[in-house]
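Engineer: task: produce atomic coordinates for the following.
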Amino acid sequence: MTAKAPLVVVGDALLDVDVDGSATRLCPDAPVPVLDTHDERARPGGAGLAALLAAVSGSRPVTLITPLGPDDGSARLRELLAPVEVIGLPTSGAVPVKTRVLAGTRPLVRLDSGGLGVGPWDLTDAAAALEGAAGVLVSDYGRGATADPALRELLTAAARRVPVVWDPHPRGAAPVPGAALVTPNLAEAGASAGEWLSSASAAAATLRERWSAEAVVVTAGAHGAVLRSAAGVGVVPAHG
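Structural biologist: Numbering: from 1, shown residues only. This next block holds a predicted model:
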């Protein structure tokens, strides 16, 4: 049986950590709760979560291309991504970690730490993965991966061969030309939530032209989404 070509996910992987505990008293030297910790749970975030969710669906193999450092967090992230083939782009620094501290179900604080360097990278393995991809998902979290010129060249070439879906970020790079679908939300599209339908439709049309994308879908939470393509405009209702 011929192996299926993989889905390749490109972007910034994060490490999400939940620290669970209970808070029944205040600190004596400051009016803040004291948390007695019970458990700590870690999971991939960012592009890592997108890759893991695609992998557990079992429809085809998944490869993740993401910057990783020499730190313990990057090593832990690789372990959590066991079902995914990970092509790490070696860099300095530490993988970004978002630590949420919860008392029961109530969040108390989120601690952000880490930060990885950017390219240039050796993209030999990444180029081979993109060459053999059935499709590409770019999951941009604004950490710099999608701004690398050499990686953008590879993604531009991939968009001429296979569908490239690009999930943008306000601090990230613009999608490469020829993306099959770009998926900004209402805020990222610069659209108004007040007159959401007309605003999202206009934003989708503008962004489709600006990004030279085949289609743009502007998501609007509970309202649903507006899809703009060469065939026209369509409204996709929210489910749930």
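Engineer: where exactly do the helices run in this structure?
Structural biologist: 47-56, 72-80, 124-131, 149-159, 196-211 (DSSP state H).
Engineer: those helices: which one's closest to Leu137?
Structural biologist: Proximity to Leu137 (C-beta to C-beta) singles out helix 47-56 among the helices of the chain, at 6.2 Å. Just so you know, the C-beta spots here come from the backbone N, C-alpha and C atoms, and that holds for glycine as well.
Engineer: mean confidence for that closest one?
Structural biologist: Averaged across helix 47-56, the pLDDT comes to 96.
Engineer: same check on stretch 184-195?
Structural biologist: 81.
Engineer: how far does that stretch stretch from start to finish?
Structural biologist: This stretch, stretch 184-195, spans 17 Å end to end (C-alpha to C-alpha, to the nearest Å).
Engineer: and among the helices of the chain, the most buried is which?
Structural biologist: Compared across these, helix 47-56 shows the largest average neighbour count, a mean of 22 (mean count of other C-beta atoms under 10 Å).
Engineer: and the angle from it to helix 72-80?
Structural biologist: 10 degrees (axes from the mean of the first three to the mean of the last three C-alpha atoms, to 10 degrees).
Engineer: same for helix 47-56, what does it pack against?
Structural biologist: With contacts taken as 3 or more C-beta pairs under 8 Å, 6 or more residues apart in numbering; DSSP states H and E, helix 47-56 sits against strand 7-11, strand 13-26, strand 33-46, strand 62-68, helix 72-80, strand 135-139.
Engineer: repeat that with 6 Å
Structural biologist: Contacts defined by 3 or more C-beta pairs under 6 Å, 6 or more residues apart in numbering; DSSP states H and E place helix 47-56 against strand 7-11, strand 62-68.
Engineer: got the contact list for the longest one?
Structural biologist: The set of residues external to strand 62-68 that reach it, using C-beta atoms under 6 Å, 6 or more residues apart in numbering, is 6-10, 13, 47, 51, 54-55, 74, 84-89, 91, 116, 126, 129, 145.
Engineer: which residue of the chain sits farthest from its center?
Structural biologist: Pro28 (41.2 Å; C-alpha atoms, centre = their mean).
Engineer: beta partners for the closest residue to Pro107 other than its chain neighbours?
Structural biologist: Among residues not flanking Pro107 along the chain, Arg100 sits closest, at 5.8 Å (C-beta to C-beta, 6 or more residues apart in numbering). Note on Arg100: beta-bridge partners Asp18, Arg110, judged by DSSP bridges.
Engineer: for Pro67, see how far away Arg100 is.
Structural biologist: Noted for Arg100: a distance of 23 Å to Pro67, by C-beta to C-beta, to the nearest Å.
Engineer: compare the two and say which is more crowded by neighbours.
Structural biologist: Taking other C-beta atoms under 10 Å, Arg100 and Pro67 do not tie; Pro67 has more neighbours (26 against 15).
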